[in-house]
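A.B. asks: Sequence unavailable; structure follows:
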């Protein structure tokens, strides 16, 4: 398991059914897998939903959900809808 | 005109050049094989019976007379496909509901639009197949229909699905409606923002659904063997998509289905779904013979996905100094017969070029009795841009500011907020505005009845899963196989990036597209993702090849691999102390492949991320004929940030193509429905797309602000070019005539009527 760093995770209103209103979280994680694991621990089932249904913006840069995605201290992480392509 | 805003990180020898396209000769000599060009021994011809009604319950279907016709080998109806669970699968914006998909491929309980497939036959000749479908007797209960999106949302509208409850509303509605989904994105306090505004503009807009208009109709050949193994040859934007969807619809494992990619005669998003493949495969399974289906042009218009039409209201507020302080939009999209319009994309893109503290976008996905919408070039973004960019133009007029200046003052930059949450991670928008501000034609005076319009646009661009294999041949030539369909020149782009990375001439590299059994999974060619994501895989595979070549060179020289470098296409000693070795070319190492370990090959499969969005700013000059209402495009200049143009000619072609499609959307293209819900212009003669004589030379201004996440700075080039076009044209018409048009298309009768209404009101 990689070294963890503090990151800020923001979930928009679409995830309120899980988060009961809480939208911003301070989490310690080294990779995106760690973020998913921690959110799933807080809200069982949310990790799988995020993994299946979202992309992620890390400091504004969009990535697919990949477990090994490394995080920097203080990274701002938003889970956003995936992109439909044309 | 090529504008480089940032210099490359290193000298590039091949990237940025314009070599001959590898698929050029087969295409211009007629030897390229498209979906309709494949034949197999004993092949049958499939034909589809389509609903004549816009909305009808299917009481029964009697196929006995068709089955009895000599030459008919198989007949199918919707229930010949296995039932699918009703479930929305996958992410919101790309959700798939296979219960819906199987019913779109072939109707069951109801026909939901004119042209909806209800049965199909396979026969020994096309003529017998056509005769056979006439013998199929369908007992319909004709129902009231609805097409317009506002009418479909009305309380008393005919319901396409009697049990559809709007998703995304809390608490859930108790009554069914045609509104499949509501989505909302917001940031800040919109009303507080409007309270700061010196000027507020609010307008409502409607846009017509338009078809992607690809020249090649949908076509496929399917062979389903007695051993359960199936093969399909078809043109699409993703043969892995064809495999996945078709296998699911047929209820077979994906490795029982091999899909061969044919050349594609245009897609623009419309070939990211399946229509005929599951039907041809089912008819082949039933008959035991290969079955080919080729849609007619009329079938393409009646039964395949256009993009959504829309009804929109946008309100924006600005201060006198040009700061936009609030934006609010309601966007209602026609999904067609099944849910799934790109309204969520539209909401997210609507205000994404502006640095706004207060904004809201509300979207509605609405079903109606027309073909299910499919993706079309930056799905959703061009629709909302027509409304937003028209309103921004009016804001500029209200405060007396140049429209480019207004956009520049509000342009997003790295760190600007977005309505969908994260801050912008990439720049590039300001540079597109500045490119036009500095363009020599922008200040050029115009004549009577002429006007200039400006608009901007945003598109996310995509990335995702790609796999490639690279082989070094016995003579040192290089072959690339990828699983990404070549829609816009990707074979050339892949070869360029490989040549650049390996340090060899472009002519030494050949790039192909492999079938689904020969390469790892690749996501569709869409979202402007292939040059970025598949290109990244190609570069990584080349880097593995280089490591392998260095290792083999070290073996040949009896030195350590760290003592070998790869430079200018050769293995060289890292420094003079390694020894006096003559550089080894790729061909010389390839000649020793057997004794150094066997074939030289590398496969890379990635899920690419880190893509950067596309920004475009455009201006156009028009002349409006006050007697006929005809609009002539005099000049069109489109600046687009592409990160890095790997093959600039292809990039220019993408920009020119997107603008051309946007001009068609702006001025002519529309579905003409009669009172029965029948499309009356289902052909290229009556569905008026632009032709060369309608257009001036479209000037593509390539802006290059490289994406640091890609080895060559690529961002994606295929889609954002269409986003600003309709508003740029509308704004130019406004400048020329003083009349603001708020519905598409702005065809001569519409323009003339608006001019006459304006003069009557003065």
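C.D. replies: Arrived safely, thanks for sending. Predicted model only: the values in this text are computed from it and were never measured. Numbers count the residues shown, from 1 in each chain, chains lettered A, B, ... in the order given.
A.B. asks: What's the local residue count around residue 53?
C.D. replies: Reading this off chain A. Residue A:53 is flanked by 21 other residues according to other Cβ atoms under 10 Å in any protein chain shown. Glycine gets a C-beta too; all of them are placed from N, C-alpha and C.
A.B. asks: my bad, the chain I had in mind was chain B
C.D. replies: Using other Cβ under 10 Å, residue B:53 is surrounded by 24 other residues.
A.B. asks: Contacts only, for it.
C.D. replies: Neighbouring residues of residue B:53 by Cβ atoms under 8 Å, 6 or more residues apart in numbering or on different chains: B:111, B:114, B:140, B:142-143, B:145, B:676-677.
A.B. asks: Filter these down to the buried ones.
C.D. replies: Buried by 16 or more other Cβ atoms under 10 Å in any protein chain shown: B:111, B:114, B:140, B:143, B:145, B:677, out of these.
A.B. asks: Can you report phi and psi for the nearest residue to the first one once chain neighbours are set aside?
C.D. replies: Counting by Cβ to Cβ, 6 or more residues apart in numbering or on different chains, residue B:111 lies nearest to residue B:51, which is 3.4 Å off, once chain neighbours are set aside. Backbone dihedrals for residue B:51, given as degrees, to the nearest 10, come out at phi -70, psi 130.
A.B. asks: follow-up on the earlier one: can you tell me which of the contacts of residue B:53 comes closest to chain A?
C.D. replies: Distance to chain A, by Cβ to the nearest Cβ, is smallest for residue B:114 among those, at 25.1 Å.
A.B. asks: Strands along chain A, start to end?
C.D. replies: Counting by DSSP state E, the segments of chain A that form strands are A:5-11, A:24-29, A:54-58, A:61-63, A:76-81.
A.B. asks: OK, now which residue of the stretch 351-500 of chain B is nearest to chain A?
C.D. replies: Closest point on the stretch 351-500 of chain B to chain A, by Cβ to the nearest Cβ, is residue B:425, at 2.6 Å.
A.B. asks: Can you give the contact residues for the helix ranked longest in chain A?
C.D. replies: Using DSSP state H to define each element, chain A has its longest helix at helix A:32-42. Applying Cβ under 8 Å, 6+ apart, the external contacts of helix A:32-42 come out as A:1-2, A:4, A:7, A:9, A:25, A:27-29, A:46-48, A:50-51, A:56, A:63, A:65-69, A:71, A:77.
A.B. asks: buried sites along that helix?
C.D. replies: Within helix A:32-42, the residues scored as buried using 16+ other Cβ under 10 Å are A:32-40.
A.B. asks: Show me the shaky parts of the stretch 651-762 of chain B.
C.D. replies: B:762 (pLDDT under 70).
A.B. asks: all strands for it, in order.
C.D. replies: Residue ranges of the strands in the stretch 651-762 of chain B, as given by DSSP state E, counting those that start in this stretch, are B:698-704.
A.B. asks: What residues does chain A have near chain B?
C.D. replies: Residues of chain A found near chain B (Cβ under 8 Å from any Cβ of the partner chain) are A:10, A:12-14, A:52-55, A:57, A:59-64, A:66, A:69, A:76, A:78, A:80-86.
A.B. asks: Drop the exposed ones from these and show what's left.
C.D. replies: A:10, A:12, A:14, A:53-55, A:57, A:59-64, A:69, A:76, A:78, A:80-86.
A.B. asks: With chain A in mind, check whether the lengthiest strand in chain B reaches it.
C.D. replies: Counting residues, the longest strand in chain B under DSSP E turns out to be strand B:324-336. No. If you take Cβ under 8 Å from any Cβ as the test, strand B:324-336 misses chain A, and the best it gets is 12.3 Å.
A.B. asks: quick one: strands adjacent to that strand?
C.D. replies: Applying DSSP bridges to the sheet, strand B:324-336 is found paired with strand B:310-318 (antiparallel), strand B:359-367 (parallel).
A.B. asks: Out of those, flag the one nearest residue B:626.
C.D. replies: strand B:310-318 (28.3 Å; Cβ to Cβ).
A.B. asks: quick one: buried residues of that closest one?
C.D. replies: Buried residues in strand B:310-318 (16+ other Cβ under 10 Å): B:310-318.
A.B. asks: mind putting those in a markdown table, pLDDT included?
C.D. replies: Output for the buried residues of strand B:310-318, formatted as a markdown table (pLDDT from 0 to 100):
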| residue | pLDDT |
| --- | --- |
| B:310 | 98 |
| B:311 | 98 |
| B:312 | 98 |
| B:313 | 98 |
| B:314 | 98 |
| B:315 | 98 |
| B:316 | 98 |
| B:317 | 98 |
| B:318 | 98 |
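A.B. asks: Among the residues you listed, which one sits closest to chain A?
C.D. replies: residue B:310 (15.8 Å).
A.B. asks: now the helices for the stretch 601-750 of chain B?
C.D. replies: B:648-667, B:725-737, B:748-761 (DSSP state H, counting those that start in this stretch).
A.B. asks: tilt between the shortest one and helix B:648-667?
C.D. replies: So that's helix B:725-737. If you take axes from the mean of the first three to the mean of the last three Cα atoms, to 10 degrees, helix B:725-737 sits at 60 degrees to helix B:648-667.
A.B. asks: mind listing what's buried in helix B:725-737?
C.D. replies: Quick answer for helix B:725-737 (16+ other Cβ under 10 Å): B:725-737.
A.B. asks: and what of stretch B:548-559?
C.D. replies: With the criterion 16+ other Cβ under 10 Å, stretch B:548-559 contains buried residues B:548-557, B:559.
A.B. asks: and it, average pLDDT?
C.D. replies: Stretch B:548-559 carries an average pLDDT of 98.
A.B. asks: contacting residues around that stretch?
C.D. replies: B:472, B:560-561, B:563-566, B:571, B:573, B:578-579, B:581, B:584, B:586, B:589, B:592-593, B:596-597, B:600, B:602.
A.B. asks: How many neighbouring residues does the residue lying closest to residue A:75 once chain neighbours are set aside have?
C.D. replies: Closest residue in space to residue A:75, ignoring its immediate chain neighbours: residue A:7 at 4.5 Å, by Cβ to Cβ, 6+ apart. Look at residue A:7: counted by other Cβ under 10 Å, it has 24 neighbours.
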